[in-house]
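**Q** Any chance you could fold what I've pasted below:
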Amino acid sequence: MRRASRLLTLLLAVTGGSAWAADHRDGPGVQADPAADINDVYAFVSPENPNKVIVIMTVFPQADANAAFSDAVEYRFNVQQIADGNARRDVVCTFGADDAYTCSGPPGVVASGTVGGEPATGDSIKAWAGLRDDPFFFDLNGFLAVVGANPNADPLCRVQMDQTGTDFFAGLNTLAIVLELDRTILWADQANPQLRIWGSTARMGEGG
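**A** Below is the predicted model:
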């Protein structure tokens with residue numbers, strides 16, 4: 001099975017805080033397959049309920065109204081509990097040609113819905129998928145000024161980037177998969193709730 005995008009790895013101590021991983025530039029092969037091209041992976045404790053963990057995967061850079069998830073791609077949230085012998089509690093989302101999708105994880109954890117529709121609720125899981133404004137913030141002009149890649153950049157860009165910055169991704173959209181998971185399904189050792197979470201995509205039925 002061919003991996004259609006690089007793995008994005010992060011550590012999340014689920015006692016609080018948040019983490020993310022970014023990947024916005026790829027080789028020609030991945031860029032030619034935007035439905036399987038991961039932009040970012042986010043993971044954080046729900047600000048509304050400390051017993052819930054939110055995980056998000058965005059794919060399809062610069063998506064427009066015609067962008068769609070692929071019915072030939074497996075979208076996987078890889079969840080590994082470090083303190084439990086690296087036990088895996090992955091959640092996999094698949095999509096149909098009719099915009100229906102299903103996200104399933106440990107036994108009994110499943111939710112099915114429609115892209116762009118109301119959140120789908122299942123046992124210990126809530127899921128949503130659809131087009132959203134790209135949440136990643138990056139000041140490209142400020143970055144180019146700092147690294148010296150743009151000789152014509154405003155010399156004040158260093159200060160501007162530290163203070164306000166200009167979001168290069170403002171106005172750009174992406175396809176997002178958003179999951180809310182009960183923390184009890186992600187790890188057994190509640191005293192040491194440290195997880196390793198990363199996203200991956202793979203085209204199904206290609207062997208390998």
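**Q** quick one: Asn39 and Gln62 touch, right?
**A** No. Counting by Cβ atoms under 8 Å, Asn39 sits too far from Gln62 to count as a contact (9.5 Å). For the C-beta atoms, the positions are set from N, CA and C on the backbone; glycine is no exception.
**Q** ranges for the strands of the chain?
**A** 8-13, 18-22, 38-45, 52-63, 73-81, 87-88, 91-95, 100-104, 110-114, 120-122, 125-133, 173-182, 194-203 (DSSP state E).
**Q** Quick one: list the elements packing against the third one.
**A** Translated: strand 38-45. Packing contacts for strand 38-45, counted by 3 or more Cβ pairs under 8 Å, 6 or more residues apart in numbering; DSSP states H and E, involve strand 8-13, strand 18-22, strand 52-63, strand 194-203.
**Q** Which residue, other than its chain neighbours, is closest to the residue nearest the centre of the chain?
**A** When Cα atoms, centre = their mean is applied to the chain, the residue found nearest the centroid is Met57 (1.7 Å). When the adjacent residues along the chain are set aside, Met57 lies closest to Gly199, with 4.4 Å between them (Cβ to Cβ, 6 or more residues apart in numbering).
**Q** give me the beta-bridge partners of that neighbour?
**A** Here Gly199 sits in beta bridges with Leu8, Phe77, going by DSSP bridges.
**Q** Count the residues that sit near it.
**A** Neighbourhood size, Gly199 [other Cβ atoms under 10 Å]: 28.
**Q** was I right about Ile54 contacting Leu179?
**A** Yes. Here Ile54 reaches Leu179: they are 7.1 Å apart, a contact under Cβ under 8 Å.
**Q** So between those two, which is more surrounded?
**A** Leu179 (25 against 18).
**Q** For Asp64, see how far away that one is.
**A** For Leu179, the distance to Asp64 (Cβ to Cβ, to the nearest Å) stands at 24 Å.
**Q** go on, Leu186?
**A** Leu186 sits 34 Å away from Asp64, going by Cβ to Cβ.
**Q** Check Phe169 too.
**A** Here Phe169 is placed at a distance of 14 Å from Asp64 (Cβ to Cβ).
**Q** same question, Cys93
**A** Taking Cβ to Cβ as the criterion, Cys93 is separated from Asp64 by 21 Å.
**Q** cool, Glu118 as well?
**A** 23 Å.
**Q** same check, this time on Pro135
**A** With Cβ to Cβ as the criterion, Pro135 and Asp64 are 17 Å apart.
**Q** more neighbours, these two?
**A** Neighbour totals were compared for Pro135 and Asp64, and Pro135 leads with 14 against 9 (other Cβ under 10 Å).
**Q** In contact with the more buried one: list those residues for me.
**A** Contacts were defined as Cβ atoms under 8 Å, 6 or more residues apart in numbering; by that measure Pro135 touches 40, 42, 58.
**Q** closest to Gly105 among those residues?
**A** In terms of Cβ to Cβ, no member of those lies closer to Gly105 than Tyr42, at 17.5 Å.
**Q** From Thr174, how far out is the residue nearest to the closest one when sequence neighbours are not counted?
**A** If the residues on either side of it in the chain are set aside, Tyr42 comes closest to Ile56, at 4.2 Å by Cβ to Cβ, 6+ apart. Separation of Ile56 from Thr174 (Cβ to Cβ): 10 Å.
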